[in-house]
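In: my questions are about this predicted structure, shown below with the sequence.
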Amino acid sequence: MPSVRFKKILIANRGEIAVRVICACKDLGIQTVAVYSEADRYSSHVRFADQAICIGPAKSARSYLDIPSIISAAEITGVDAIHPGYGFLSENATFAEVCEASQIKFIGPGPEVIRMMGVKERARAFMRELGVPILPGSPGVLTSPEEGLELAAKVGYPVILKASAGGGGRGMRIVNGPGELPSLFLQAQHEAGSAFSSPDVYLEKYIGAPRHIEFQILADEHGNVEILGERECSVQRRHQKLLEESPSPAVTDAQRAEISAVLRNAIAQAGYTNAGTVEFLMDEAGKLYFIEVNARVQVEHPVTEFVTGIDIVKSQIRIAQGETLSEILPGPVELRGHSIECRINAENPETFVPSRAYTDCVIPPFYDSLVAKLITYGSDRAEAIQRMQRALSMFIVEGIHTSIPMQQRILADPDFQAGNFDTNFIKRFLPGPK
Ligand code: MV4
């Protein structure tokens, strides 16, 4: 039994994920409050919520990232909980703390866990202690270029320097030999300091052609953890995923079982609650190495929902109500069939500058360029691909350029169809030297 039942939830987000959370609330009979910036007055999340409150001007820093405005909206409307969606304040430990202090349930992990996972070399050390495989590298933050040189000589070049507070590809430097390490270390520190207000940097063995594979987890507030298989996310351009699928064509059943077993224990030991993603890199030999934890629901969560039959967003809300996974899930987690998602982005195919539509539908230029997600399911990968090709051929978007032509070329590629690709695969579809 839930220890509380939410009557009303505020969604501290916009666009697709705000609408997705509204859908889950409707399915659970929970009232919804949308918040919106002046640029989003006519957005669908505003239309479909039971109530909507303007929280500020178009600029995110003064609306969707403005904690006092969001908390005020929550207090005025008397909500029981806040769902942060993805991006914006979803992994902001201070926001989770302020919610708690205001007697509003934050639908996500606790602030301490969010903070710990946000310090990447701490998450790495924690996972290593619990038997999750990690790449060779520094035990913690690099204290000097000399320490970097010593470690790099041990693990072998190339190595990569990563910002402790980074993630998503920001603040990284690849080091090919000892000659360039000292200057790249200082650069990485400087960039980390100005971008994330912490100059901390750590070092890892660099994988040149990795696959990006992430495991979906659900954890209740009573110590129970379930692993909902993995997603293959290697088709990315500038750290923006274009197409994701589940399961990964590269992960074997034995490997999935092994990683799931160690993760179940590690996530429980961390005191992690609610939904999350554990990111791995797969090297050229097919081995998986932990890189970071994303303490939020992700854009690509639907492919996992299709192959498991589990509604992840509903599960997040029910976990936050205090329900156990055994109450929420219909039975043991099983993966069935195959699912693919294409992120339909508004873009100019030559310059990748976001396009804008000015007639009925407005895509404001202030936020990201995701306009739709197209998800297919099939009994196997070939059927899911074929259905995606058919659906894309019937997908009509007028007035703007989209990513659809590139996704059609990817789906038709023999290497993609064979499941034979890594994070460099996208380069062959881009203009310029390969
Ligand atoms: C790496 C790597 C190679 N070796 N770490 C980029 C996003 C961030 N989450 C981690 N990233 C990478 N970390 C080591 N030790 C290569 C990348 C990387 C990447 C990873 C996943 C998907 C696309 C990528 C594109 C460029 C670099």
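Out: Structure received.

In: what strand or helix carries residue 222?
Out: Using DSSP states H and E, residue 222 is not contained in any helix or strand.

In: quick one: it and residue 417, what's the gap?
Out: Going from residue 222 to residue 417 by Cβ to Cβ, to the nearest Å gives 43 Å. From N, CA and C alone the C-beta is placed, and that goes for glycine too.

In: higher neighbour count, those two?
Out: residue 417 (16 against 12; other Cβ atoms under 10 Å).

In: state the three-state secondary structure for the nearest residue to that one once chain neighbours are set aside.
Out: Nearest residue to residue 417 in three dimensions, chain neighbours excluded: residue 385, at 6.5 Å (Cβ to Cβ, 6 or more residues apart in numbering). Using DSSP: H, G, I helix; E, B strand; the rest coil, the structure places residue 385 in helix.

In: my guess is residue 385 contacts residue 340. True?
Out: Yes: with contact defined as Cβ atoms under 8 Å, residue 385 counts as touching residue 340 (6.6 Å).

In: okay, the two: which has more neighbours?
Out: Each of residue 385 and residue 340 has its neighbours counted (other Cβ under 10 Å); residue 340 has more, 25 against 19.

In: contacting residues for the more buried one?
Out: Residues in contact with residue 340, defined by Cβ atoms under 8 Å, 6 or more residues apart in numbering, are 243-245, 303, 375-376, 384-385, 388.

In: taking the stretch 1-150 of the chain, what residue is nearest to the ligand?
Out: residue 135 (5.0 Å; Cβ to the nearest ligand atom).

In: show the contacting residues for that residue.
Out: Applying Cβ under 8 Å, 6+ apart, the residues contacting residue 135 are 204-205, 207, 281, 289, 291.

In: let's see it at 6 Å
Out: 204-205, 289 (Cβ atoms under 6 Å, 6 or more residues apart in numbering).

In: confidence score at it?
Out: Note for residue 135: predicted pLDDT of 98.

In: got the phi and psi for it?
Out: phi -70, psi 150 (degrees, to the nearest 10).

In: state the helix or strand in which the spatially closest residue to residue 26 that is not a sequence neighbour lies.
Out: What sits nearest to residue 26 in space, not counting adjacent residues and going by Cβ to Cβ, 6+ apart, is residue 32, at 7.6 Å. Using DSSP H and E, the element containing residue 32 is strand 31-37.

In: how near is the residue nearest the centre of the chain to residue 220?
Out: Nearest residue to the geometric centre of the chain (Cα atoms, centre = their mean): residue 298, 3.8 Å. Distance from residue 298 to residue 220, counting by Cβ to Cβ: 19 Å.

In: about what we covered before: now the contacts of residue 340: which count as buried?
Out: Buried members of the contacts of residue 340, counted by 16 or more other Cβ atoms under 10 Å: 243-245, 303, 375-376, 384-385, 388.

In: partner residues bridging residue 202?
Out: According to DSSP bridges, the residues that bridge with residue 202 are residue 162.

In: ok, how many other residues are close to it?
Out: 25.

In: so how many other residues sit close to whichever residue of the stretch 301-434 of the chain sits closest to the ligand?
Out: Relative to the ligand, the nearest point of the stretch 301-434 of the chain is residue 423 (3.8 Å; Cβ to the nearest ligand atom). When neighbours are defined as other Cβ under 10 Å, residue 423 has 20 of them.

In: please tell me I have it right and it contacts residue 232.
Out: No: applying Cβ atoms under 6 Å as the test, residue 423 and residue 232 come out as separate, 10.8 Å apart.

In: would you map the helices across the stretch 251-400 of the chain?
Out: Secondary structure of the stretch 251-400 of the chain by DSSP state H, counting those that start in this stretch: the helices cover 253-269, 301-308, 312-320, 325-328, 381-393.
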